[in-house]
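> got a predicted model here, sequence first, then my questions.
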Amino acid sequence: MNTPATDISVRAIEAHGLTRRFKDTLALDDVTLNFEKDKIHGLLGRNGAGKTTLMSVMTAQDWPSAGSVRVFGQVPHENEQVLPNICFVREEQRYPEDALAKHAFKAAREAFENWDEDFAQQLIEEFRVPMKTTIKKMSRGQKSAVGVIIGLASRAPLTVFDEPYMGLDAVARQLFYDRLLQDYSQHPRTIVVSSHLIDEISHLLEHVVVIDQGKIMVDESAEELADRAVTLVGRADAVNQVVGNREVLDREDLGRIARVTVLGKLNAEEHCLVKDLDLDLIPVSLQQLIVHMTRKNGQDNASEGF
C-alpha cells in the first residue's frame, strides 16, 4: 500500500462535518470524529441511529452529502490504493445466487493481500460452515459465519464489522470474540465493531463512539467512559445530598428509597460521604450508560419538537 498508512502519525479514519441525507431523512448530521490506528473501536447506538450509514461512508460504499472523510490519510472513494485495505462486512452481505462459501472465500483471498488461508480453514472448521451448500440456502447463522471468517482472515488494515455476527448463536458469538481478540493481539489492525449487544462486546473495545439520531454523543476511550456514570441507592435525602447538581440520567423513587444514576466520577470526599450515609454504589455497565444517555437524548429532542 503506497500511502502514508505506514506513518504511525496518520489516523486510520478522519471524518469532518460528515452529513448524509436521504430525501427528507438526515442520517448523518455534521459528524466529526477520528479512529486511531491499531485499536478496536465500538460504534454503538440504537436502530436507525446512523451507524450503518456512517460505516458505509467511511468505507467508500456510499458518498457523503457534505463533509469529508480520509482513510489512512487519503480520500477512500474510488481510490485503488486505499480500497484494497478495507474489509467491510455487513449483516446482510449479498452474494451471487449460486455462490458457495468457497467462492466467497476465493474472492476474499484474491482481494486481500494479508489473507491467511490457514486461519480461514481453521475458522471454517470451528464455525462448521457447510461448503457444499449455496450461501443463499444457508441458515442465517451460517451466512453470518461466512462474513465473520472473511472479516477475520482478511487481516485488512481497516476491518469493519456491521453486526454480521448477529445471526450466530451464543456459542458461535463467543468463538468470534475469542478469535478476534487472539488474532488482533498477534496481528494488530484497526477494527470497528457495530453491535446492539453492547455488554457482550464491551470487553473488546478500546474506544467507544455512540451515535444517536445522526449525531455523535460519545467519542472517548472505553476506560474514560467506564467512569462516566454511577448509580446511588439508599435513603432519598441521603442520595440527594451526594447527587447535588450532577446531571441525572435516570431516577426511581420507591417511598423513602431512591435509585439515581448520575454522570460524573465521584471524588474521594464523595466516596467517604457515600460510606457515612450508608448508600450503595453500583457501577453502571456500558449498555446501561448508553441506554440512559440515548433515552435522555430522545426525551430532550421530543421536548424541543424533533
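Sure, I can see it. For clarity, every value in this text was computed on a predicted model and none was experimentally measured.
> which stretches in the stretch 1-150 of the chain count as helices?
51-58, 101-111, 117-126, 140-154 (DSSP state H, counting those that start in this stretch).
> let me have these in JSON lines, extended by mean neighbour count.
(Each C-beta comes from the backbone N, C-alpha and C, glycine too.) Listed next are these as JSON lines, based on neighbours: other CB atoms under 10 Å:
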{"stretch": "helix 51-58", "mean neighbour count": "24"}
{"stretch": "helix 101-111", "mean neighbour count": "16"}
{"stretch": "helix 117-126", "mean neighbour count": "15"}
{"stretch": "helix 140-154", "mean neighbour count": "24"}
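> format those as CSV; extra columns: mean pLDDT.
Below are the helices of the stretch 1-150 of the chain laid out as CSV (pLDDT from 0 to 100):
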stretch, mean pLDDT
helix 51-58, 95
helix 101-111, 96
helix 117-126, 98
helix 140-154, 95
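> take the ones you listed and write them to TSV, including distance to Ile282.
Below are those laid out as TSV (distance: least, CB to CB, whole Å):
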stretch	distance to Ile282
helix 51-58	28
helix 101-111	45
helix 117-126	37
helix 140-154	34
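> and Ala108, how far is that from Trp115?
In this structure, Ala108 and Trp115 are 6 Å apart, going by CB to CB, to the nearest Å.
> tell me, what's touching the two both at once?
The contact sets of Ala108 and Trp115 overlap at Ala153, Ser154 (CB atoms under 8 Å, 6 or more residues apart in numbering).
> and of the helices of the stretch 1-150 of the chain, who's closest to Leu232?
Among the helices of the stretch 1-150 of the chain, helix 51-58 comes nearest to Leu232, with 31.6 Å by CB to CB.
> and the closest one, what does it pack onto?
Identification of packing neighbours for helix 51-58 by 3 or more CB pairs under 8 Å, 6 or more residues apart in numbering; DSSP states H and E yields strand 13-22, strand 25-35, strand 40-44, strand 66-71, strand 86-90, strand 158-162, strand 190-194.
> so what touches it?
Contacts to helix 51-58, defined as CB under 8 Å, 6+ apart, come from residues 13, 15, 18, 20, 27-28, 31, 43-45, 61-64, 69, 71, 76, 88, 90, 160, 162, 192, 194, 211, 214.
> so how do I select the buried members of these in ChimeraX?
The ChimeraX selection below is limited to those of those classed as buried (16 or more other CB atoms under 10 Å):
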select :13,15,18,20,27,28,31,43,44,45,61,62,64,69,71,76,88,90,160,162,192,194,211,214
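> could you pull up the residues touching Pro64?
Leu18, Thr19, Arg20, Leu28, Val57.
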